[in-house]
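Peer 1: Okay, predicted coordinates and the sequence, questions at the end:
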Amino acid sequence: MFKLKRVYEPATPDDGWRVLVERLWPRGIRKESLHFDAWAKDVAPSTELRKWFGHDPAKWEVFGERYRAELDANPGAWTPVRDAGADGPVTLLYSSHDTEHNNAVILQRYLTEHTKS
């Protein structure tokens, strides 16, 4: 099971394995204060795609297509995150204020679709 949580929300015991899925470190968070088990920078959208999207909901559909294409081209980045889900819950940590239009939402769906039943 893959869950989503903003980095600014407190960690809870049911989070399981907590992985930061951002290319850049979140603003306003000290590394020693964020409870996380891994930082999967390479699973985040490329810098070019992130800048192009700019958190513009009007670009959401195209962003999703392009991000999925990046994920398709780089299974080595997301496979360990997916595989961790076989051992228990995985919480994908993100920093965006928009809880509906961010890379973690797409990644959650992608990982779920690529999980072996």
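Peer 2: All right, it came through fine.
Peer 1: Give me the phi and psi for Lys31.
Peer 2: The phi and psi torsions at Lys31 (degrees, to the nearest 10) take the values phi -60, psi -40.
Peer 1: Surely it and Val7 touch.
Peer 2: No. In this structure, Lys31 is not within contact of Val7 by CB atoms under 8 Å, at 11.1 Å. In this view, the C-beta of every residue, glycine as well, is placed from N, C-alpha and C.
Peer 1: The two: which is more packed in?
Peer 2: Applying other CB atoms under 10 Å to Lys31 and Val7 shows that Val7 carries more neighbours, namely 21 against 9.
Peer 1: what's near enough to touch that one?
Peer 2: Residues counted as contacts of Val7 (CB atoms under 8 Å, 6 or more residues apart in numbering) are 20, 22, 26, 29, 34, 93-95.
Peer 1: Summarise which helices and strands the longest helix seen in the chain is packed against.
Peer 2: Within the chain, and with DSSP state H defining each element, the longest helix by residue count is helix 60-73. Contacts of helix 60-73 with other secondary structure elements, assessed using 3 or more CB pairs under 8 Å, 6 or more residues apart in numbering; DSSP states H and E, are made with helix 47-53, helix 103-113.
Peer 1: And it, what's buried?
Peer 2: Residues of helix 60-73 classed as buried under the neighbour-count rule (16 or more other CB atoms under 10 Å) are 60, 63-64, 66-67, 70-71.
Peer 1: pLDDT and distance to Asp14 for those residues - can I get that in JSON lines?
Peer 2: Compiled in JSON lines, those are given as follows (pLDDT from 0 to 100; distance: CB to CB, whole Å):
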{"residue": "Trp60", "pLDDT": "95", "distance to Asp14": "29"}
{"residue": "Phe63", "pLDDT": "96", "distance to Asp14": "30"}
{"residue": "Gly64", "pLDDT": "96", "distance to Asp14": "28"}
{"residue": "Arg66", "pLDDT": "97", "distance to Asp14": "33"}
{"residue": "Tyr67", "pLDDT": "97", "distance to Asp14": "27"}
{"residue": "Glu70", "pLDDT": "97", "distance to Asp14": "30"}
{"residue": "Leu71", "pLDDT": "97", "distance to Asp14": "26"}
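Peer 1: Give me the distance between the closest residue to Lys59 other than its chain neighbours and Arg66.
Peer 2: Taking CB to CB, 6 or more residues apart in numbering, and ignoring the residues beside it in sequence, Lys59 has Phe53 as its nearest neighbour in space, at 5.4 Å. Phe53 is 8 Å from Arg66, where distance means CB to CB, to the nearest Å.
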